[in-house]
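> just need the structure, nothing else, for what follows:
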Amino acid sequence: MARSQIKASPVWVNRHHPSPAQKPPTTETGVLGWLRSNLFSSIFNSILTLVSAVVLYWVVTNFLRWVFFDAFWDPVWVNRKLLAVGTYPADQLWQPALLLAIVCVLFGLSSALWGGIIRSVSMGVAALLLLFAVLPVGIQAQIYMGISLALLIASYVIGLRAVVPTRWLVGAWLLSIPLALILLKGGVEVRSLGYGFFFAQPVQANAYGGLLLTVLLTVVGITFSFPLGLALALGRRSSLPVVKYFCIAYIELIRGVPLISILFMAMIVLPLFLPLGMPSPTNVTRAMVGITLFSAAYLAENVRGGLQSVPKGQYEAADALGLSTFNKYRLIVLPQALRAVIPAIVGQFIALFKDTSLVALVGLVDLLGIARSIIQQPAWVNTPGGITTEMYVAIAIIFFVFSYGMSWASRQLESRLGVGTR
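Numbering: from 1, shown residues only. Take a look at the predicted model:
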């Protein structure tokens, strides 16, 4: 055979000029590919998928039918103010609204200046404000939520363009704590001197209730238990025997008893530790102290786990640089330790938010306590089928929204810090 014939043969052409790549089968890509690889990869998975789909369809359709056609939501709607703030005077709701606006401004400025966890929390707060501004919870509440959301966004934009000194912002956050107490109470009262300054009618502590009390207990518990738990975790690793064994005794003692026992002890025993002549704290204050002390013990163990995850070489490197103990933990050890235990700390905060419902057992009317009182209202007692299910579903939705908000902010922070990645 001639050489020219060999060159023109189909085998020689295909060898040096292969045919273009073909597209993968449609059953391997796109929606069909995902379904095949995840839901119908085997006979067992296919059967499990079909059974799960039938069960899910039955559950969802029955639940939606109950929500939109069978459930009786009038008690929830009629008592929405009671669920939100308890018996707090309606004509003084501008006080917690003003406090919310101030906190939103601080969150916006802080997220622009510091970013990180503050920005993640601010995004969660903005999402909650938007949700409550859209939901038909009442025109007054919607206006308050909309104004607070606008202030948060505006302060964030201002913080990006203007230089806000860090010390001023830290001072404003510290000042917001006593300001919150003054606004919620209606003024300042000095009992020992027999006078007080009130810009509104004083609000008694037993008027706090509903979601307002739940959020107040949670915020106070988180704010004060975090530094206390951090100090306990560091004290447990101290080389001073007195400090070390005191922290160990405190942590193990508190973690060995349930929260309800701590709340009862705070209600009964706390006044005994106060100086002679000092007025007895309110039940709300006692609950705050009990929740803070309880949460700090669990938080200390979470932080201690993070401290143990920091390699020993980091401590040795800090010592080699000549850093003091304070700077070693502030600049090197604690940032790595807290980064490693963000999921555990946020999980503790979510548990704290839900555990505040136990204060209903010591005489306070939080969100769960308000729901129980609404169920027993004479107007709804004789309702066919009762309203217990509707009330508890509404309470569960509220708890879920706030808990999911904290979880979402945690995931955003973890993603930015690269938790779980190298």
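> contacts and neighbour counts: CA atoms only from here.
Will do.
> which element follows the strand or helix carrying W34 toward the C-terminus?
Secondary structure from DSSP states H and E places W34 in helix 30-38. Toward the C-terminus, helix 30-38 is succeeded by helix 43-65 as the next helix or strand (DSSP H and E).
> other SSEs contacting the helix or strand following that following helix?
Counting by DSSP H and E, the next helix or strand C-terminal to helix 43-65 is helix 74-78. When contacts are defined as 3 or more C-alpha pairs under 8 Å, 6 or more residues apart in numbering; DSSP states H and E, helix 74-78 sits against helix 388-417.
> what residues sit buried inside the helix it packs on?
Neighbour-count burial for helix 388-417 flags 390-391, 395, 399, 402-403, 405-414 (criterion: 16 or more other C-alpha atoms under 10 Å).
> check stretch 363-373 too.
L364, V365, D366, L367, L368, G369, I370, A371, R372.
> excluding sequence neighbours, find me the nearest residue to P202.
Nearest residue to P202, sequence neighbours excluded (C-alpha to C-alpha, 6 or more residues apart in numbering): G186, at 4.8 Å.
> does the one you found really touch Q201, like I thought?
Yes: counting by C-alpha atoms under 8 Å, G186 does reach Q201; the two are 6.1 Å apart.
> show me which of those two is the more surrounded one.
G186 (20 against 12; other C-alpha atoms under 10 Å).
> for V203, see how far away the more buried one is.
According to C-alpha to C-alpha, to the nearest Å, G186 and V203 sit 6 Å apart.
> again, but for Y315
51 Å.
> follow-up on the earlier one: confidence score at the residue nearest to P202?
Note on G186: pLDDT of 71.
> which stretches of the stretch 201-350 of the chain form helices?
Using DSSP state H, counting those that start in this stretch, the helices found in the stretch 201-350 of the chain span residues 210-236, 241-255, 259-268, 283-309, 312-320, 325-328, 334-340, 342-355.
> who touches the third one?
In other words, helix 259-268. Contact with helix 259-268 is made by N283, R286, A287, V289, G290, I291, F294, L358, V359, L361, V362, as judged by C-alpha atoms under 8 Å, 6 or more residues apart in numbering.
> how near is the residue nearest to the third one when sequence neighbours are not counted to V284?
Spatial nearest neighbour of A287, chain neighbours left out: L263 (6.0 Å); criterion: C-alpha to C-alpha, 6+ apart. In this structure, L263 and V284 are separated by 11 Å, where distance is defined by C-alpha to C-alpha.
> any stretches of this protein with poor pLDDT?
Along the chain, the model assigns pLDDT under 70 to residues 1-30, 116, 136-137, 187-200, 277, 418-422.
> walk me through the domains of it.
Following the assignment in automatic domain parsing, the chain carries domains at 83-203, 208-422.
> could you say which one of these comes nearest to V31?
Checking the domains of the chain against V31 by C-alpha to C-alpha gives domain 208-422 as the closest, at 27.3 Å.
> the nearest residue to K185 once chain neighbours are set aside and L184, how far apart?
Computed as C-alpha to C-alpha, 6+ apart, the closest residue to K185 that is not its neighbour in sequence is V203, at 5.0 Å. According to C-alpha to C-alpha, V203 and L184 sit 7 Å apart.
> who has more neighbours out of those two?
Using other C-alpha under 10 Å as the criterion, V203 and L184 rank with L184 on top: 22 against 17.
> correct me, but the more buried one touches W94?
No: contact criterion C-alpha under 8 Å: L184 and W94 do not qualify, at 9.7 Å.
> thinking again about what came up before, which two among the buried residues of helix 388-417 are spaced furthest apart?
The span of these, defined through C-alpha to C-alpha, is set by E390 and E414 at 35.7 Å.
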